[in-house]
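Novice: Mind folding the following:
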Amino acid sequence: MTTQSTNRPETRLATRLAFLVGGFSLACWAPLVPFAKARLGVDDGVLGMLLLCLGLGSVAAMLATGVLSARYGSKPIIIVGGLGLALTLPLLTIASTPFTLGIALAAFGAFLGSLDVAMNIHAVEVEKSSDQPLMSGFHALFSIGGFIGSLLVTLLLSVGVGPFVATVLCAVLMIIAIVVARPRLLKTVQSEDAPLFAIPRSFVLLLAILAAITFLVEGAILDWSALLLTTQGLVDASHGGLGYMLFAIAMTIGRLGGDRITAKLGDKAMMLWGGLVAVIGFVVLLLSPIAILAMSGFLLIGFGASNIVPVLFRKGGTQTVMPAGLAIAAITMTGYAGVLIGPASVGFVADHVGLPGAFWMLALLFCAAPFCAGIVTRNRDQGEAGTETHASYRSVDT
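Specialist: This is a model prediction of the structure:
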């Protein structure tokens, strides 16, 4: 239960800042990976195990965050998560042994995972009393934060600033953002009867599976798109990254305009047509004989997939089969698992049927989004199908 109106510019600003910090912090670490490898003198195998620590820390924290948010609300978790990311980021540049870097990465991942769940719970609460969708715009800020973070760290390193100083400067910006957001975050009343654990039921499991598929596709495009383009002879190695760049740009633009489109068309149409556009994008990518057409496939996939996850989080936060905080934690954790297993699963399939065949598998998996659009967007409280999305936002504050 909230103790203040959720439909205020201040709460929207605070939510946007939380998403911005999440994307910014993760992107700040990416350019530092080569420095960590050189500093420790480890091979790729050890580095891969160290990077896995970040994912394991995130998943463990996501499990706990659903319970904690049900008891204490999302505000304290967002504050602790954001400040924790700022404090641990510089530690990643000075850890001198594989063990200490693994511990630091696990802590960094834990703060990131807790922030990820809490900010989505907060976003659902803010959106509930709004007369228009907001979730896509919130998620767009995560992408924008990622772009700003990677650009800033890369620029600082390129002008001779050391990794530690660069991360300290970035940490200061993150702390400022959390300090600004803190008084504007929603306060919630502690729920004494909130369960410590709830087994996800069928509808929430469906949302989680769809999130995992969407994140799996995103992770696979990140890791394998360049190789797909180059092995197909569409571009040379120096231009292999263009595919993911176009995909990421389309995702960001799609989310920036997604709320306005969702308000007009509804969640069902957004998920149905978005999923179909993404699947068509895969077909264009895999059947195109020339580079420019293949690149347009990445644009279609990005635009189509951009607003699937915001719909899933929205429905997870408004369903009634289990506590919203635990549902969002389950969706986030399963989606993140898709990112972790995506590259490995694509590689496994590619070994047997080739990389294009693995991408056809991704296209087939993504067909689940439009196929399940009607089920996901039913009114879960009344059991009726297909109410217009914007009508569900006019709820009163509790």
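Novice: Make sure residue 235 is indeed in a helix.
Specialist: No - the assignment for residue 235 by DSSP: H, G, I helix; E, B strand; the rest coil gives coil, which leaves it out of any helix.
Novice: From here on, call the first residue 860.
Specialist: Sure, I'll start counting at 860 from here, so that last one is residue 1094.
Novice: Counting neighbours, what do you get for residue 1151?
Specialist: Neighbourhood size, residue 1151 [other C-beta atoms under 10 Å]: 8. No exception for glycine: its C-beta is placed from N, CA and C like everyone else's.
Novice: For it, give me its contacts.
Specialist: The neighbourhood of residue 1151, defined by C-beta atoms under 8 Å, 6 or more residues apart in numbering, contains no residues.
Novice: So which bits of the host helix or strand of it are buried?
Specialist: In this structure, residue 1151 is located in helix 1150-1164 according to DSSP states H and E. Judged by neighbour count using 16 or more other C-beta atoms under 10 Å, the buried positions of helix 1150-1164 are 1150, 1153-1164.
Novice: How about stretch 943-961?
Specialist: Neighbour-count burial for stretch 943-961, with 16+ other C-beta under 10 Å as criterion, is recorded at 943-945, 947-952, 954, 957, 960-961.
Novice: so which of those residues comes closest to residue 935?
Specialist: residue 943 (11.8 Å; C-beta to C-beta).
Novice: circling back to that earlier point, CA-only coordinates of the helix holding residue 1151, as PDB, when you get a sec.
Specialist: Only the C-alpha atoms of helix 1150-1164 are listed here, as PDB (Å, rounded to 0.1, in the frame of the first residue of the first chain):
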ATOM      1  CA  ALA A1150      24.100  -6.400 -46.400                       C
ATOM      2  CA  ILE A1151      21.700  -3.500 -46.500                       C
ATOM      3  CA  LEU A1152      18.600  -5.800 -46.400                       C
ATOM      4  CA  ALA A1153      20.200  -7.900 -43.600                       C
ATOM      5  CA  MET A1154      20.800  -4.800 -41.600                       C
ATOM      6  CA  SER A1155      17.100  -3.800 -42.000                       C
ATOM      7  CA  GLY A1156      16.300  -7.100 -40.400                       C
ATOM      8  CA  PHE A1157      18.200  -6.000 -37.200                       C
ATOM      9  CA  LEU A1158      16.100  -2.800 -37.200                       C
ATOM     10  CA  LEU A1159      12.900  -4.800 -37.500                       C
ATOM     11  CA  ILE A1160      13.900  -7.200 -34.700                       C
ATOM     12  CA  GLY A1161      14.800  -4.200 -32.400                       C
ATOM     13  CA  PHE A1162      11.600  -2.300 -33.100                       C
ATOM     14  CA  GLY A1163       9.400  -5.400 -32.700                       C
ATOM     15  CA  ALA A1164      11.000  -6.700 -29.500                       C
END
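Novice: now for the helix or strand following it, which elements pack on it?
Specialist: Next in sequence after helix 1150-1164, counting helices and strands by DSSP H and E, comes helix 1167-1177. Helix 1167-1177 makes packing contacts with helix 957-987, helix 994-1017, helix 1061-1090, helix 1101-1124, helix 1126-1146, helix 1183-1212, helix 1232-1235 when contacts are defined by 3 or more C-beta pairs under 8 Å, 6 or more residues apart in numbering; DSSP states H and E.
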